[in-house]
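# Quick one, what's the 3D model for this:
(one chain, ligands or ions: 1)
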Amino acid sequence: MNTITIAPPPKTAGPPIQKETTAGNYFVANYPPFAFWKAEAIPDFHAALDRAPAPGVPLGLYTHIPFCRKRCHFCYFRVYTDKNAEDIKGYIDTLLKDLAFYANKAVIGGRKPRFIYFGGGTPSYLSPDQLRFLTEGMKRQLSWDEATEITFEAEPGTLTDHKLRAIREMGVTRLSLGIEHFDDHILEINGRAHRSKEVQRAYAFAREIGFPQINIDLIAGMVEETEELWKETVAKAVALQPDSLTIYQMEVPYNTGIYKQMKAEGKLVAPVADWETKRRWVNYAYSEFEKVGYTVTSTTTVVKDPAKVKFEYRQGLFNGADLLSIGVASFGHLNGVHYQNHHDFQPYVDAVNAGQLPTYRAYVVPEDEKFLREFILQLKLGSAEASAFIQKFGTDPRVQFAAPLAWIKEQGFLVEDGDTIGLTRDGLLQVDRLLQEFFKPEHRTGRYA
Ligand code: SF4
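The predicted model follows:
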């Protein structure tokens with residue numbers, strides 16, 4: 001990479017810090033933020049599909065299943081709770097047609113997906129027969145025989161022994177259980193469909209069936225969370241001995257039920273814990289897991305055995321892999337272009353059934369932003385190796401990002417160790433607000449917590 005234009009201006013004051021949880025997106029999931037992806041770039045995305053992939057870039061596959069039993073009050077995903085069996089059958093047919101648009105394009109270049117991810121929504125909302133029909137149809141178009149990780153998100157209350165066996169038989173290697181909390185009152189008041197009894201039953205079935213990896217998700221700071229209930233939830237999570245644990249700090253985006261209620265009541269502050277408390281709770285959970293031998297491997301995860309438990313989907317994404325995404329509102333990245341599909345059900349289904357790619361918006365990522373994107377995403381894992389970036393992009397992040405790194409150091413969050421640019425635990429728990437410092441000025445959202 002020769003031309004770099006993104007050095008942020010030196011600063012010492014840093015961004016304002018918000019203590020309370022207010023409405024809006026807080027977490028950094030991609031770069032640049034989705035708001036900068038535009039319909040005008042769709043022709044560039046379609047042109048990119050007719051080019052061969054860059055040598056050595058792995059391919060991943062994401063499938064979005066947008067159905068849920070109930071809408072959780074904190075949910076900001078594109079989900080539907082009112083679709084009938086016919087709608088769901090039609091959606092599965094549409095997914096297979098969506099995949100067919102890509103299967104013979106130059107962008108695939110003979111690659112087979114290395115990692116596959118079923119997300120939602122609730123993929124486990126589908127019946128065993130629907131799952132078999134979908135996955136067999138997918139495999140006929142793009143073989144799964146080189147996939148080393150197949151992740152499947154599941155809501156505990158939708159799982160039976162029979163369905164879990166079907167999920168394992170599809171080839172799923174990593175089952176991700178959306179538990180969120182173990183207290184029934186907290187689950188209920190936050191609009192979750194399942195209860196703790198279903199969690200214990202589903203987890204026991206899944207263990208018995210022998211999934212190679214079971215991840216459980218928790219959320220720190222749900223409505224009415226208390227210190228005591230959080231500690232109990234962490235103790236129950238430790239007792240399950242999952243292969244990995246993911247903890248999200250509660251954010252309250254504008255399209256959530258919680259925000260709607262805040263708006264109706266004229267409130268600016270969400271009825272959930274402040275950011276400092278949420279970080280403290282996550283840190284408590286990490287410490288409890290560390291006591292029994294787990295390792296913190298990112299801002300949101302601890303794993304039992306890092307040598308054995310990989311998360312290839314995330315590794316691929318954070319290292320510039322291609323991601324072919326199918327389904328309503330799903331996000332992908334192919335040949336240097338980000339894209340998102342239509343974000344409403346009917347326009348998505350109608351476009352595919354009319355023989356059109358269902359692209360809603362796209363963004364051609366310039367070279368300097370590829371470097372920036374990979375660097376900030378890797379900081380979410382806790383550290384980045386400068387030499388790997390020099391080798392891949394010809395630029396040293398310690399030089400390129402001297403100003404934001406100096407600011408992070410001033411705050412006491414930076415750990416420099418030779419080639420490694422790392423974050424302290426405190427820094428890691430608030431990495432998303434620190435990452436804004438690396439953004440191009442025109443991409444900053446101005447929200448810091
Ligand atoms: S189960 Fe997940 S995707 Fe479905 S409504 Fe709840 S948070 Fe959203």
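# From here on, just use CA atoms for contacts and neighbour counts.
OK.
# remind me which residues of the chain are low pLDDT?
For the chain, residues meeting the criterion pLDDT under 70 lie at 1-17, 445-449.
# Output the contacting helices and strands for the strand or helix carrying residue 202.
Secondary-structure assignment from DSSP states H and E places residue 202 in helix 196-209. Counting contacts by 3 or more C-alpha pairs under 8 Å, 6 or more residues apart in numbering; DSSP states H and E, helix 196-209 packs against helix 161-170.
# Against which helices or strands is the helix it packs on packed?
helix 128-141, helix 196-209.
# Report the contact partners of the residue nearest the centre of the chain.
By C-alpha atoms, centre = their mean, the chain has its centre lying nearest to residue 29, at 6.6 Å. Shown in contact with residue 29 (C-alpha atoms under 8 Å, 6 or more residues apart in numbering): residue 377.
# Please report phi then psi for it.
Dihedral pair for residue 29: phi -110, psi -20, per degrees, to the nearest 10.
# need the helices for the stretch 301-449 of the chain, in chain order.
Along the stretch 301-449 of the chain, counting by DSSP state H, counting those that start in this stretch, helices occupy 312-318, 345-353, 367-379, 386-393, 397-400, 402-410, 425-429, 431-435.
# In CSV, list these along with distance to residue 277 and mean neighbour count.
CSV is the format used below for the helices of the stretch 301-449 of the chain (distance: least, C-alpha to C-alpha, whole Å; neighbours: other C-alpha atoms under 10 Å):
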stretch, distance to residue 277, mean neighbour count
helix 312-318, 27, 18
helix 345-353, 37, 17
helix 367-379, 22, 20
helix 386-393, 33, 14
helix 397-400, 32, 17
helix 402-410, 21, 18
helix 425-429, 11, 20
helix 431-435, 15, 21
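# CSV for those helices, including distance to residue 282?
Below are the helices of the stretch 301-449 of the chain laid out as CSV (distance: least, C-alpha to C-alpha, whole Å):
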stretch, distance to residue 282
helix 312-318, 20
helix 345-353, 35
helix 367-379, 18
helix 386-393, 28
helix 397-400, 29
helix 402-410, 21
helix 425-429, 8
helix 431-435, 13
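# Quick one: closest of those helices to the ligand.
Closest to the ligand of the helices of the stretch 301-449 of the chain is helix 345-353 (C-alpha to the nearest ligand atom; 14.8 Å).
# Show residues contacting that closest one.
For helix 345-353, contacts defined as C-alpha under 8 Å, 6+ apart pick out 91, 94, 97-98, 327-328, 341-342, 357-358.
# go again using 10 Å as the cut-off
66, 78-80, 87, 90-91, 93-99, 101, 327-329, 341-342, 356-360 (C-alpha atoms under 10 Å, 6 or more residues apart in numbering).
# ok so, going back, of all the helices and strands packed on helix 161-170, which lies closest to the ligand?
Nearest to the ligand among those is helix 196-209 (13.4 Å), distances taken as C-alpha to the nearest ligand atom.
# buried sites along stretch 173-190?
Neighbour counts over stretch 173-190 (16 or more other C-alpha atoms under 10 Å) mark 173-183, 186-187, 190 as buried.
# Leaving out chain neighbours, which residue sits closest to whichever residue of the stretch 101-250 of the chain sits closest to the ligand?
Here the residue of the stretch 101-250 of the chain nearest the ligand is residue 121; by C-alpha to the nearest ligand atom that distance is 3.6 Å. The shortest distance from residue 121 to any non-neighbouring residue, by C-alpha to C-alpha, 6 or more residues apart in numbering, is to residue 66 (4.2 Å).
# And for that neighbour, the neighbour number?
By other C-alpha atoms under 10 Å, the residues close to residue 66 number 24.
# what's the answer for the one 3 residues further on, then?
Using other C-alpha under 10 Å, the number of residues around residue 69 comes to 19.
# Then the one 3 residues further on?
Close neighbours of residue 72, defined as other C-alpha under 10 Å, add up to 19.
# and it, what helix or strand is that in?
Going by DSSP H and E, residue 72 is not in any helix or strand.
# for residue 247, same thing?
Judged by DSSP H and E, residue 247 forms part of strand 244-249.
# what lines up beside that strand in the sheet?
strand 213-220 (parallel), strand 301-303 (antiparallel) (DSSP bridges).
# Can the longest one be said to contact the ligand?
No: interface with the ligand: strand 213-220 contributes nothing (C-alpha under 6 Å from any ligand atom), its closest point being 10.4 Å away.
# Please compute how far that strand lies from its chain's middle.
Strand 213-220 sits 13 Å away from the centroid of its parent chain (C-alpha atoms, centre = their mean, to the nearest Å).
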